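1. Sequence first, predicted coordinates after that:
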Amino acid sequence: MRPETRSASHRGWILLTTGLIAASLVAALRWIQDQAPGHTPDPAVAPAVAEGELLMAGTPTEATDGGQRVAATPAAADGPTQTFEQQIDALVELGQRTAAAVQADEIDEAKATDAAARQAFAALLAQFGDAGERGLAMVTGLPPGSEAPLDLGRHVVLRLVIAAECARRHETAEAVSDRARIDAFVAALLAVMPQHDQLAQLGGTVLDGKPYLRLVHEPAVLDLVALAGEGKLPRPIATQLLLTLWDNVGRSGERTSGELASLAMLLLADQDPSKRTAACRLLLNDPRYRHVVLAWLRERNDAAVAREVANLAAQQLPPKEALAVLRELAPTLPSMGNAYMALGHRAPDVLALAYHELLAADTHPAVRVDLIAGLAMANAPESGPAIELALQSDPSPEVRVQAMLSLTATAAASSGEAACTAILDDPVLGSNPARLAIVVYALQNLEAAGLTNAVDRLGQRLRNLPLRDDSRRALEQLLARALPGGQTSR
């Protein structure tokens, strides 16, 4: 890279990094304030915080020089230079001031403290070439699990420093083809993660999905996976780091796709569920090996790993391929509502088409339940008609009840009462205490939508039906809080 190009890239990196700090501090430190003993969060504050974050995501420290964007030079501090630790605490204070200004709707003050925070952050990185090591030493010295606002604020700022240092060292390594500094720093971060959950979360946040893990870190990552298997580290963090490592070594060519596939095949039989999940995910992403993974999951009936694989497929595979994976996992996982919801959010048209095909064939009613649940997550033209069709025409009682729940959750004002009425009018469902319990549950959706008259009418009718004792108690509690004076109209 030419010197002038690298300089421009470095300036851009500084602006990007410092542009994130105040918004992150606002969100995190506002949350810290809300956790303080005796503090009652004000729901009206949330929009102001969001607005403030958007304002502070700009770059008021940018200036122009002959048409080129440059970073404003931080103002020189008066008096003796502050230590690294003092500058971290100053950034925490700036974050608290910014959060307070946003809460008070003092946008000019918030923008000013935002600019100061970004200047201070850039100055800290410029002053300390070893900011990463200093940040890691400071964060490991904080009391584990401390709820003190200052300690929580320090965690936020130090995480940003460590993430920025990883980005800075990675950029340098790419420019000069020397990964010694970034590799050593990542190794140090991996080494401290087992100390307690806050450090595990920090390491996971900084490294997951980033290009910093390489083949040299594989033994340390596998050690973390082993610790997760013993319950000494959060398993999702260990799994995601192993997946990130494999993605990186495959992308960089440190291991070929064939070598990775061979390793994953071996780990399918490992006793550690994190290794099995990571192996399944790696093989699942390659159509050449996908059938092997699915056959293995069905044969072993490993529901825990199958559920994680289903969620990964729903989030990451192309929608039609993801749906095929979920269908194949149905014998192992009778219910995959969460995975179908994630897929429904991404591709409601795929779910709607699949529902119509299964309804026409009158097969796989459990899958039809999940498809209707998934469509409830999508605000799309395909969703409403498919759910209405399920309510009116699906021969499966389970599907019709799910359609009622979906409509009361997503279209309460227009269809919620009619959906509940359709279930109550059904000669089979309307006399089944277990099904009626779900109608009582759906009534909470109408309560949340403020449909007082609908709650009144349906509540009166439900009182005269064969409810279970627990459902009757829940109904009476709902009517007491949702109706004027706690009484039905008759």
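-> Done, it's in. Keep in mind the model is a prediction, meaning the values are calculated, not measured. Numbers count the residues shown, from 1 in each chain.

2. Could you use CA atoms for every contact and neighbour count after this?
-> Will do.

3. So, low pLDDT: which residues of the chain?
-> Across the chain, the ranges flagged by pLDDT under 70 are 1-80, 379-380.

4. domains of it?
-> The chain breaks down by automatic domain parsing into domains covering 1-175, 341-410, 418-490.

5. Point out the most buried one among the ones you listed.
-> Stretch with highest mean neighbour count among the domains of the chain: domain 341-410 (a mean of 21; mean count of other CA atoms under 10 Å).

6. What's the end-to-end length of that domain?
-> Its start and end residues considered, domain 341-410 measures 13 Å (CA to CA, to the nearest Å).

7. Stretch 240-260: how far from the chain's middle?
-> 23 Å (CA atoms, centre = their mean, to the nearest Å).

8. what comes up buried for it?
-> Across stretch 240-260, burial judged by 16 or more other CA atoms under 10 Å covers 240-250, 255, 257, 260.

9. Where does Lys210 sit: helix, strand or coil?
-> coil (DSSP: H, G, I helix; E, B strand; the rest coil).

10. quick revisit: out of the buried residues of stretch 240-260, flag the one nearest to Leu436.
-> Within the buried residues of stretch 240-260, the smallest distance to Leu436 is 41.7 Å, found for Gln240 (CA to CA).

11. where's the closest one, which helix or strand?
-> Assigned by DSSP states H and E, Gln240 falls within helix 235-252.

12. try Ala437
-> Per DSSP H and E: Ala437 is located in helix 433-448.

13. Residues touching that helix, excluding its own?
-> Applying CA atoms under 8 Å, 6 or more residues apart in numbering, the contact partners of helix 433-448 are 401, 404-405, 408-409, 412-413, 416-417, 420, 423-424, 429-430, 452, 454-455, 458, 462, 466-468, 471, 474-475, 478, 482.

14. separation between the residue nearest to Arg327 when sequence neighbours are not counted and Leu343?
-> In space, and not counting its chain neighbours, Arg327 is closest to Val367: 7.4 Å by CA to CA, 6 or more residues apart in numbering. As judged by CA to CA, Val367 and Leu343 stand 13 Å apart.

15. How about Ala454?
-> Per CA to CA, Ala454 is found 32 Å from Leu343.

16. And Ala474, by the same measure?
-> Separation of Ala474 from Leu343 (CA to CA) stands at 32 Å.

17. now Pro287
-> To Leu343, Pro287 is 19 Å away according to CA to CA.

18. Can you give me the first-to-last residue distance of stretch 249-260?
-> Distance between the boundary residues of stretch 249-260 (CA to CA) amounts to 9 Å.

19. Now do it: everything it contacts.
-> Stretch 249-260 is contacted by residues 214-215, 246 when judged by CA under 8 Å, 6+ apart.

20. Now with 7 Å, please.
-> Defining contact as CA atoms under 7 Å, 6 or more residues apart in numbering, one finds that stretch 249-260 is touched by 214-215.

21. In a markdown table: the domains of the chain, plus distance to Ile182.
-> Formatted as a markdown table, the domains of the chain follow (distance: least, CA to CA, whole Å):
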| stretch | distance to Ile182 |
| --- | --- |
| domain 1-175 | 5 |
| domain 341-410 | 35 |
| domain 418-490 | 51 |
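
22. closest to Gly229 out of these?
-> That would be, of those and by CA to CA, domain 1-175, which comes in at 21.9 Å.

23. For the closest residue to Leu268 other than its chain neighbours, identify the helix or strand it belongs to.
-> The shortest distance from Leu268 to any non-neighbouring residue, by CA to CA, 6+ apart, is to Arg276 (4.9 Å). Assigned by DSSP H and E, Arg276 belongs to helix 273-284.

24. Following the chain onward from that helix, which element is next?
-> Next element after helix 273-284 (DSSP H and E): helix 290-300.

25. Tell me the helices and strands packed up against that next one.
-> Helix 290-300 sits against helix 273-284, with contacts defined as 3 or more CA pairs under 7 Å, 6 or more residues apart in numbering; DSSP states H and E.

26. Now do the buried residues in the helix it packs on.
-> Using 16+ other CA under 10 Å as the test for burial, helix 273-284 gives 273-284.

27. Give me the phi and psi for Leu233.
-> phi -160, psi 140 (degrees, to the nearest 10).

28. What is the neighbour count of the closest residue to it other than its chain neighbours?
-> Sequence neighbours aside, Leu227 is the residue nearest to Leu233 in space, at 5.8 Å (criterion: CA to CA, 6+ apart). By the criterion of other CA atoms under 10 Å, Leu227 has 17 neighbours.

29. Leu227 against Pro234, yeah?
-> No - using CA atoms under 7 Å, Leu227 is not in contact with Pro234, being 8.8 Å away.

30. re the thing from before, can I get the buried residues of stretch 240-260 in TSV with distance to Val176?
-> Shown next, in TSV, are the buried residues of stretch 240-260 (distance: CA to CA, whole Å):
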residue	distance to Val176
Gln240	29
Leu241	26
Leu242	27
Leu243	27
Thr244	23
Leu245	22
Trp246	24
Asp247	23
Asn248	19
Val249	19
Gly250	21
Arg255	22
Ser257	27
Leu260	28
